[in-house]
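> Sequence and computational prediction follow.
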Amino acid sequence: MENSPCVVGTSGWSIPAAHNTSFPALGSHLERYAARLSIVEINSSFHNSHREETYERWARSVPDPFRFSAKLPKTMTHERRLQGCNDLLDVFLGQIEGLGAKLSVLLVQLPPSLQFEAQTAENFFASLRAKTDRRLVCEPRHPSWFEPEAEALLSRFQVGRVAADPASVPVAAMPGGWRELAYFRFHGAPRIYYSDYEAGQLLDVGRRLAEANASAAEVWCIFDNTARGHALGNALSVDAAVRQMTFSSRNALPSATRS
C-alpha cells in the first residue's frame, strides 16, 4: 500500500459478507480492512467514549502508512452546540492520542439546525486549534455556514470545509475553507445512508476528486452510506480507479518525448 495524494475509505471498518472475498480471511475486521484501504473514519467516537487503550489497540492493528480520521463527540457539536467545550475537548483529545501518528484528521460535524454565529465559532475553533495540531475539517449543514464570513473564519483557523453528498446547498458539494486538505463525505443519494452509488455516479465522484486534487495537497474520500453495506463496495471501486489514475500518471512519458 503506497501513499497517494488521493485516498479512499469508509466510515467505520465493517466488512459485509458480500465483500468478504475482497479481504484477507484472517484477522480482526480492522486488520482485514487495512490490508486493502489506507484510511478510515472513526464514526463511533461521535456516539461513544473510547478509552485511550482502545485507540492504541486500533493503531497497532494497522500498517504504518494507514491513517485515521476521528469524529468529535456529539456532546460538543449537537448537545453543547460548540459552547463551553473545553473540558470535553481535553478528555476527547487525551483519549484519541492513543492513535499516535496514525491520527491524521479530526472531523467536526454540525447539526442542520446549528446556524453560524461568529463569536461561538471563533471561540470553539480557537480553543480546538490551541489544543491540537491535527488537521481539522468541519461539515456544517445550515446554509449560514456557506457565506463568506464563515468561509473566512474556517480558513483563518486552517479548517477545511467538508464536501458533502447530498449537499445541503449547491456550494456544499465542493470543499471550502482551508484548501490544503479536501475532505469528501458521500452519505448516499437519494436516500441518505442507505442508497448505493451506481456506476455513473461513481464516475462523477472520481471527477470531483480529480478536480479537488488539482489544487489541494491531499484529498480524502469517505463513503458513509453504511446502513445497507454499500459504502465498502463504493469505496473499493473508487479506490481502484484512483490507484489506476495515479499509476498511469506516474508512468506517463514526458510530453516532449511522446510521438
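Received it, and whenever you're ready, just let me know what you need.
> Can you tell me the SS state at residue 227?
Recorded secondary structure, residue 227: coil (DSSP: H, G, I helix; E, B strand; the rest coil).
> For residue 145, see how far away it is.
For residue 227, the distance to residue 145 equals 26 Å [C-beta to C-beta, to the nearest Å]. (Each C-beta comes from the backbone N, C-alpha and C, glycine too.)
> Likewise for residue 214?
25 Å.
> Looking at these two, which is more packed in?
residue 145 (25 against 9; other C-beta atoms under 10 Å).
> ok, now how distant is the residue lying closest to the more buried one once chain neighbours are set aside from residue 193?
Once flanking residues are discounted, residue 145 sits nearest to residue 116: 4.7 Å by C-beta to C-beta, 6 or more residues apart in numbering. Using C-beta to C-beta, we find residue 116 at a distance of 25 Å from residue 193.
> And residue 238, by the same measure?
From residue 238 to residue 193 the distance is 18 Å (C-beta to C-beta).
> Who has more neighbours out of these two?
Neighbours were counted for residue 238 and for residue 193 using other C-beta under 10 Å; residue 238 has more, 23 against 14.
> so residue 131 touches residue 90, yeah?
Yes. Residue 131 lies in contact with residue 90 (C-beta atoms under 8 Å); the separation is 7.2 Å.
> can you list the weak-confidence ranges in the stretch 101-250 of the chain?
Applying pLDDT under 70 to the stretch 101-250 of the chain flags the ranges 246-250.
> can you pull the contacts of residue 161?
Contact analysis of residue 161 by C-beta atoms under 8 Å, 6 or more residues apart in numbering lists 137, 138, 139, 140, 145, 151, 154, 175, 176, 177, 178.
> could those residues be laid out in TSV, adding secondary structure?
TSV is the format used below for these (three-state DSSP):
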residue	secondary structure
137	strand
138	strand
139	strand
140	coil
145	helix
151	helix
154	helix
175	coil
176	strand
177	strand
178	coil
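> So the residue lying closest to residue 166 once chain neighbours are set aside: helix, strand or coil?
Once flanking residues are discounted, residue 166 sits nearest to residue 189: 4.8 Å by C-beta to C-beta, 6+ apart. At residue 189 the chain is in coil, as set by three-state DSSP.
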